[in-house]
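**Q** Quick one: sequence plus predicted model below, questions after.
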Amino acid sequence: MMNLSLPASFRLGGNAIHRVIGLCLVLILAGCSSSSSSSDNPAEDMPVNPGTQMPDDGGAGDPPTAEPGGSTSGGTPTAPLEEPSTDVPVNVPLAPLPNPPLTPAPGADSEPVRASGPVSTVREFFLVRNPDRNLDDTFGTLTDADFDAGPLPAVIQTPDSVNPLTNAAPVFENLNDVEVFAGQELTVVFKPIDPDGAGIPGLFPNAIPAGARYVDNFNGTRSLIWRPLQPQVGIREFTITATDPVAPFYRTQRTIRIKVKMPSDPSTIVNLPPVVNLIRDHTVRVNDPVVAYIKADDQNGTVPSLEILNPPPGATITPHYSDPKITILSFVPRTTGDIEMRLLARDADDDTLTGSRTVKFEVLSEQAFQRPGARLRELAAARDVLIGYASLLGFYERPDGALYADIAAEEFNLVTTENSLKWDLVNPLPGQYRWAQADNLVAHAKARRQAVHGHTLLWHRQLPGWIQRTPLADREIHMREFIDRVLQRYGNDIPIWDVVNEALEEDGTFRQSTWFEAMGASFIDIAFRQARLSAPNATLLYNDYDVSFDGPKADGLIALMQSLKDAGTPVDGVGFQMHLDADFDRYDEVAGNFQTIADMDLDIYITEFDVSIRAGQTEEQQADVYEQVLSLCLDQPRCKAFQTWGFTDMYSWRRQFNPLIMDNRYQVKPAYTALQQRLSEN
Ligand code: G3I
């Protein structure tokens with residue numbers, strides 16, 4: 001069993017905020033691997049819908065070999081890590097939140113407004129939308145003066161166990177700020193060197209610019225390759241970190257500035273053809289309202305025109321309330337059969353430059369979606385267990401939104417906010433909030449008698465740029481203010497919360513996140529204490545992946561939960577994500593880890609269950625994994641919920657592995673039947 005110590009205290013810049021969480025565990029600094037991969041290592045999804053608040057299509061590829069989520073602050077000095085301590089736990093109560101707050105609290109200007117017109121499939125309550133806001137992220141905008149001041153100094157993170165006199169930090173060879181004209185291709189080569197010659201340093205980037213490539217040259221160097229266009233004119237930062245070959249926590253972080261300039265003759269910038277985005281083939285139900293959000297996009301930043309060839313009979317066309325590139329097609333299919341439309345986008349500067357897409361809507365009868373037997377939520381209620389799914393962001397703005405909502409409400413008594421409560425969506429800029437998507441999901445859940453599971457207050461991903469750029473010394477308060485504001489709004493409507501998500505690396509050590517680098521592991525305790533203060537009656541969970549079966553990460557979880565319990569941290573349970581593959585068979589290990597957590601007087605939630613079908617695997621194998629894990633939950637008194645990460649493969653984050661219980665056409669799969677049968681047994 002790996003032991004962990006949570007660093008006793010961290011100096012945070014000038015405003016030393018010492019938090020003594022003496023948790024009697026000793027961290028063996030195995031350091032972060034320079035890359036991590038696992039059967040359920042969450043993927044960086046391919047953003048499908050640039051520029052709008054629309055649901056993405058999810059469905060990214062299998063996780064790339066993810067590298068530790070560098071969340072550097074770019075040029076902000078990182079306090080040196082202090083030696084772990086085994087001080088006696090002293091639970092320091094949270095200081096009151098500052099007044100005035102660090103960032104403005106949500107105001108009337110953030111309140112959602114009613115959505116008007118035939119723009120959604122919702123009929124049983126008034127849909128709201130976010131108010132028109134200028135969301136240009138001007139926070140921390142860099143100026144020519146910043147660029148001319150020259151490259152930022154390297155930020156070196158030195159664990160106390162390292163003696164810089166005998167082990168020099170990695171350095172980058174010839175790395176400087178760069179300038180490029182829009183339309184030209186930029187290549188920046190990163191060559192990390194270990195001055196001691198002990199080997200090739202590890203490398204990981206932070207926030208690769210959209211459309212850029214970061215490639216391995218297989219010679220110890222990596223390159224950032226990027227052809228910026230008009231929308232990218234300006235100055236941006238790119239941060240890269242080299243890790244010492246001997247002591248991976250010994251790190252050199254460099255932030256370079258990339259200045260994209262307009263050429264004197266803009267006609268030298270290649271004019272790329274427009275594309276039709278946001279829409280693809282769908283199966284819909286006859287007599288349902290259908291809304292199709294169609295985006296005509298252009299990488300040169302212009303607004304193409306859109307022609308809809310052979311629209312369905314009776315269709316209406318509505319402009320999007322804030323995005324001129326989006327057109328909303330609304331209609332009600334009165335007969336079954338296929339509807340094929342051709343969508344044509346024309347470039348604003350050259351109408352011979354076009355992009356098109358043909359879209360097919362398969363209209364099926366109501367009977368086509370009837371499912372045999374009892375509904376999962378009825379069967380689960382009889383077993384006193386919650387059965388849930390993660391809800392697609394903005395499902396009501398998808399062509400099959402009505403069908404999606406009806407089937408979800410018939411089958412599940414619990415719904416998780418897959419993306420609508422993530423920090424970058426909710427609070428994109430200091431003092432600016434976007435509540436509409438979560439408000440709509442809460443309203444929908446109430447209308448359909450479903451409980452809501454809030455995901456997630458704190459994570460290392462999907463953080464807005466502004467929070468990643470805040471000084472280390474301010475991050476505790478920013479974190480607490482955000483938690484308080486979200487829980488003040490939803491604390492009564494959302495009873496279950498993932499408070500902290502994925503704080504551990506694959507090897508069981510703490511992830512070097514925006515939060516860890518500011519507060520050490522004590523951010524976890526602080527987050528839970530703030531959540532308890534803000535929502536005293538909520539169930540507060542720690543959520544992670546790859547922790548249900550034996551291994552260093554499960555060891556890290558068990559040690560972490562024991563240390564939090566010992567410290568009196570107000571945590572109620574553990575969320576086991578369980579993104580598995582169809583050949584999974586480590587059920588005894590899962591039962592053992594569930595019991596270990598239950599023995600700590602903690603509840604168990606299976607929070608993000610899905611089972612990918614990889615090459616050579618079958619739907620029957622998938623169904624068996626669904627049934628076996630549901631059985632483990634039903635057999636474990638502390639297991640309160642079995643939640644899948646979506647329910648139709650159509651919108652899964654791993655769509656190409658068909659991991660869910662219904663297919664793209666909402667037809668049940670053997671996995672659905674396996675759940676139904678297991679829930680029916682005593
Ligand atoms: O909403 C924005 C849109 O405004 C923007 O134009 C577009 C392009 O940048 O992005 C949209 O956000 C996308 C978001 O999903 C909402 O659709 C993000 O790009 C995309 O990366 C994000 O993917 C989600 C991913 O977490 C990262 O947040 C997946 O849908 C979601 O299934 C996945 O879920 C995670 C859990 O939160 C934690 N456990 C692992 C699990 C799988 O990675």
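**A** Arrived safely. Numbering: from 1, shown residues only.

**Q** Please count neighbours and contacts with C-alpha atoms only from this point.
**A** Will do.

**Q** need the contact list for the residue lying closest to residue 577 once chain neighbours are set aside.
**A** Computed as Cα to Cα, 6 or more residues apart in numbering, the closest residue to residue 577 that is not its neighbour in sequence is residue 608, at 4.3 Å. Contacts for residue 608 (Cα atoms under 8 Å, 6 or more residues apart in numbering) come out as 389-390, 576-579, 643-645.

**Q** For the stretch 151-300 of the chain, which residue gets nearest to the ligand?
**A** Going by Cα to the nearest ligand atom, the ligand is nearest to residue 210 of the stretch 151-300 of the chain, at 8.2 Å.

**Q** ok, back up a step: mind telling me what element the residue nearest to residue 577 is part of?
**A** strand 603-612 (DSSP states H and E).

**Q** same check, this time on residue 574
**A** strand 573-576.

**Q** following the one helix or strand residue 489 maps to, which helix or strand shows up next?
**A** In the assignment (DSSP H and E), residue 489 maps to helix 475-490. Past helix 475-490, further along toward the C-terminus, the next helix or strand under DSSP H and E is strand 496-501.

**Q** and that next one, average pLDDT?
**A** Averaging pLDDT along strand 496-501 gives 98.

**Q** That one versus helix 475-490: what angle between them?
**A** Per axes from the mean of the first three to the mean of the last three Cα atoms, to 10 degrees, the angle that strand 496-501 makes with helix 475-490 is 170 degrees.

**Q** In the helix holding residue 489, which of the residues would be classed as buried?
**A** If you call a residue buried by 16 or more other Cα atoms under 10 Å, then helix 475-490 has these buried ones: 475-484, 486-487, 490.

**Q** so which of the residues you listed comes closest to residue 345?
**A** For the buried residues of helix 475-490, the minimum distance to residue 345 (Cα to Cα) is 39.5 Å, reached by residue 486.

**Q** Contact partners for the closest one?
**A** Going by Cα under 8 Å, 6+ apart, the list of residues near residue 486 reads residue 457.

**Q** Quick check, pLDDT for it.
**A** 98.

**Q** Restrict the helix holding residue 489 to CA atoms and write it as CSV.
**A** C-alpha atoms of helix 475-490 as CSV (Å, rounded to 0.1, in the frame of the first residue of the first chain):
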residue,chain,number,x,y,z
ARG,A,475,-6.2,30.7,-6.1
GLU,A,476,-7.6,29.5,-2.8
ILE,A,477,-10.0,32.4,-2.6
HIS,A,478,-10.9,32.1,-6.3
MET,A,479,-11.6,28.4,-5.8
ARG,A,480,-13.8,29.0,-2.7
GLU,A,481,-15.7,31.9,-4.3
PHE,A,482,-16.5,29.7,-7.3
ILE,A,483,-17.6,26.8,-5.2
ASP,A,484,-19.7,29.1,-3.0
ARG,A,485,-21.4,30.8,-6.0
VAL,A,486,-22.3,27.6,-7.8
LEU,A,487,-23.7,26.0,-4.6
GLN,A,488,-25.6,29.1,-3.6
ARG,A,489,-27.4,28.9,-6.9
TYR,A,490,-27.9,25.1,-7.1
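
**Q** how distant is that helix from the center of its chain?
**A** Relative to the chain's own centre, helix 475-490 is displaced by 18 Å; criterion: Cα atoms, centre = their mean, to the nearest Å.

**Q** Please apply the same query to stretch 453-467.
**A** 7 Å.

**Q** could you check whether it is close to the ligand?
**A** Yes - interface with the ligand: stretch 453-467 contributes residue 462 (Cα under 6 Å from any ligand atom).

**Q** Span of that stretch from start to end?
**A** 24 Å (Cα to Cα, to the nearest Å).

**Q** Please give me every residue in contact with residue 220.
**A** 191-192, 200.

**Q** what about the strands in the stretch 551-682 of the chain?
**A** 573-576, 579-581, 603-612, 639-644 (DSSP state E, counting those that start in this stretch).

**Q** For residue 352, which of those is the nearest?
**A** Taking those one by one with Cα to Cα, strand 603-612 is closest: 43.3 Å.

**Q** So the residue nearest to residue 648 when sequence neighbours are not counted versus residue 414, what's the distance?
**A** Setting aside the residues directly before and after it, residue 648 is nearest to residue 662 in space (Cα to Cα, 6+ apart), at 4.6 Å. Residue 662 is 17 Å from residue 414, where distance means Cα to Cα.

**Q** higher neighbour count, the two?
**A** residue 414 (24 against 19; other Cα atoms under 10 Å).

**Q** quick one on the thing from earlier: what would the contacts of residue 608 look like in JSON lines with pLDDT, neighbour count and distance to the ligand?
**A** Formatted as JSON lines, the contacts of residue 608 follow (pLDDT from 0 to 100; neighbours: other Cα atoms under 10 Å; distance: Cα to the nearest ligand atom, whole Å):
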{"residue": "389", "pLDDT": "98", "neighbour count": "27", "distance to the ligand": "11"}
{"residue": "390", "pLDDT": "98", "neighbour count": "25", "distance to the ligand": "8"}
{"residue": "576", "pLDDT": "98", "neighbour count": "25", "distance to the ligand": "10"}
{"residue": "577", "pLDDT": "98", "neighbour count": "25", "distance to the ligand": "7"}
{"residue": "578", "pLDDT": "98", "neighbour count": "24", "distance to the ligand": "9"}
{"residue": "579", "pLDDT": "98", "neighbour count": "23", "distance to the ligand": "8"}
{"residue": "643", "pLDDT": "98", "neighbour count": "29", "distance to the ligand": "12"}
{"residue": "644", "pLDDT": "98", "neighbour count": "28", "distance to the ligand": "11"}
{"residue": "645", "pLDDT": "98", "neighbour count": "29", "distance to the ligand": "7"}
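
**Q** Assign a three-state SS to residue 196, would you?
**A** Under DSSP: H, G, I helix; E, B strand; the rest coil, the three-state class of residue 196 is coil.

**Q** Ramachandran angles for the residue nearest to the spatial centre of the chain?
**A** By Cα atoms, centre = their mean, the chain has its centre lying nearest to residue 462, at 5.0 Å. With angles defined as degrees, to the nearest 10, residue 462 sits at phi 50, psi 40.

**Q** Give the closest residue to it in space, chain neighbours not counted.
**A** residue 424 (5.3 Å).

**Q** what's the answer for residue 376, then?
**A** Using Cα to Cα, 6+ apart, the closest residue to residue 376 is residue 411 (5.0 Å).

**Q** Any figure for the gap between residue 466 and residue 438?
**A** In terms of Cα to Cα, residue 466 sits 22 Å off from residue 438.

**Q** which of those two has more neighbours?
**A** Comparing residue 466 with residue 438 by neighbour count (other Cα under 10 Å), the higher total belongs to residue 438, at 22 against 18.

**Q** ok, now which ones touch the residue nearest to the centre of the chain?
**A** When contacts are counted by Cα under 8 Å, 6+ apart, residue 462 is found next to 422-425.

**Q** If you rank the residues you listed by neighbours, which is first?
**A** Counting by other Cα under 10 Å, top hit in the contacts of residue 462: residue 423 with 26 neighbours.

**Q** I'd guessed that residue sits against residue 460; true?
**A** No - counting by Cα atoms under 8 Å, residue 423 sits too far from residue 460 to count as a contact (10.0 Å).

**Q** where exactly do the helices run in this protein?
**A** 144-148, 376-382, 401-411, 423-426, 436-447, 465-468, 475-490, 516-519, 522-534, 552-567, 587-598, 619-635, 670-680 (DSSP state H).

**Q** want to throw the ones you listed into TSV with distance to residue 231?
**A** Converted to TSV, the helices of the chain look like this (distance: least, Cα to Cα, whole Å):
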stretch	distance to residue 231
helix 144-148	17
helix 376-382	48
helix 401-411	32
helix 423-426	21
helix 436-447	27
helix 465-468	18
helix 475-490	30
helix 516-519	32
helix 522-534	37
helix 552-567	42
helix 587-598	49
helix 619-635	44
helix 670-680	45
